[in-house]
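A.B. asks: from the sequence below, what's the structure:
(one chain, ligands or ions: 1)
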Amino acid sequence: MSRIAYVNGQYVAHAQAAVHIEDRGYQFADGVYEVCEIRGGHLVDERRHVERLVRSLGEIRIALPMPLAALKVVLRETIRRNRVRNGFVYLQVTRGVARRDHYFPDPSTPPSLVVTARAVDPAKGEAVAGEGIAVITAPDNRWERVDIKTVGLLPNVLAKQAAKEAGAREAWFVDREGRITEGGSTNAWIVTPEGRLVTRQADNGILRGITRTVMLQVAEQLQLTVEERAFTVAEALAAREAFVTSATNFATPVVRIDGLPIGDGRPGAVARALRENFHSFAEITP
Ligand code: PLP
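C.D. replies: Next comes the predicted model:
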């Protein structure tokens, strides 16, 4: 079956789907995005993803491309037309198409909206989580507003490619003080030798992951002690376990950092418990 994409008001064949060369997303990375899980044909945590989208758009002063009710219809229609049961829906909003000029275009310029949906085999993610992943550390050379989910991801691209070339799957960004902020496309967590769960506080220095938010609730339910604070690379290396969270990873154990084993070098019990319980805390909407 051929894939369908939604592009500025039309459902088109994915292979032919295109935006104009003067789209500001293409010219300036002047846009934001969201990635939402589809599970059993339903959206996972749609409300939170849409709320974060509205916030991201507000922070960079892009108007909503359409009313939220209509956006929700487009998300569902894209999923339906692609017959995705398990996978992800991606949406991107940019400041629209205008002659290349750094200043915002005329306010009458409609924002661009692109939506795609893709099926993934859940067994693949389970296999990765069962093995655990390796991460490398990389300098956090991003701008100071990474709380906005902008499509400007060049530092993330370069860090994740460096990870891949080092035989790892994710890069953990490290700030000037030697503290881990987050991953290239995930939030970073550790479990201390005393069993405390630590993840960086969600200020402007990380993206407030939706999965992170839900996992904090799961952790509370599991009666885990949680500390939302920065942690150093040394702390991570001495941790009992480490893991990453995102809409595409849920909780996925980290078993090596910069080639050094974490804990006993195998996926840990806390990451496993959070992963297993995640979907009973996430909001699954029809
Ligand atoms: N941090 C970064 C830099 C990300 O790109 C992502 C997801 O794309 C996350 C964290 C995790 O966010 P979420 O749990 O909402 O997928």
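A.B. asks: you'd agree residue 196 is up against residue 226?
C.D. replies: Yes. Counting by CB atoms under 8 Å, residue 226 is a contact partner of residue 196 at 7.4 Å. In short, each C-beta sits where N, CA and C put it, glycine included.
A.B. asks: and the contacts of stretch 54-65?
C.D. replies: 30-32, 68, 71, 93-95, 104, 110-113, 145, 147-150 (CB atoms under 8 Å, 6 or more residues apart in numbering).
A.B. asks: would you map the helices across the stretch 101-250 of the chain?
C.D. replies: 122-131, 154-165, 210-221, 233-237 (DSSP state H, counting those that start in this stretch).
A.B. asks: redo those helices as JSON lines? Include mean neighbour count and distance to residue 258.
C.D. replies: What follows is the helices of the stretch 101-250 of the chain, written out as JSON lines (neighbours: other CB atoms under 10 Å; distance: least, CB to CB, whole Å):
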{"stretch": "helix 122-131", "mean neighbour count": "13", "distance to residue 258": "18"}
{"stretch": "helix 154-165", "mean neighbour count": "16", "distance to residue 258": "10"}
{"stretch": "helix 210-221", "mean neighbour count": "20", "distance to residue 258": "23"}
{"stretch": "helix 233-237", "mean neighbour count": "16", "distance to residue 258": "8"}
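A.B. asks: closest to the ligand out of those helices?
C.D. replies: In this view, these are compared for proximity to the ligand by CB to the nearest ligand atom, and helix 210-221 is the closest at 3.2 Å.
A.B. asks: which outside residues touch the closest one?
C.D. replies: 45, 48-49, 52, 187, 189, 197, 199, 202, 226, 228, 245-247, 249-251, 274, 277-278, 281-282.
A.B. asks: and the ligand, which of these contact it?
C.D. replies: Checked against the ligand using CB under 6 Å from any ligand atom, the contacts of helix 210-221 yield the following neighbours: 187, 245, 246, 247.
A.B. asks: could the helices of the stretch 101-250 of the chain go into TSV alongside distance to residue 60 and mean pLDDT?
C.D. replies: Output for the helices of the stretch 101-250 of the chain, formatted as TSV (distance: least, CB to CB, whole Å; pLDDT from 0 to 100):
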stretch	distance to residue 60	mean pLDDT
helix 122-131	31	97
helix 154-165	17	98
helix 210-221	19	98
helix 233-237	31	98
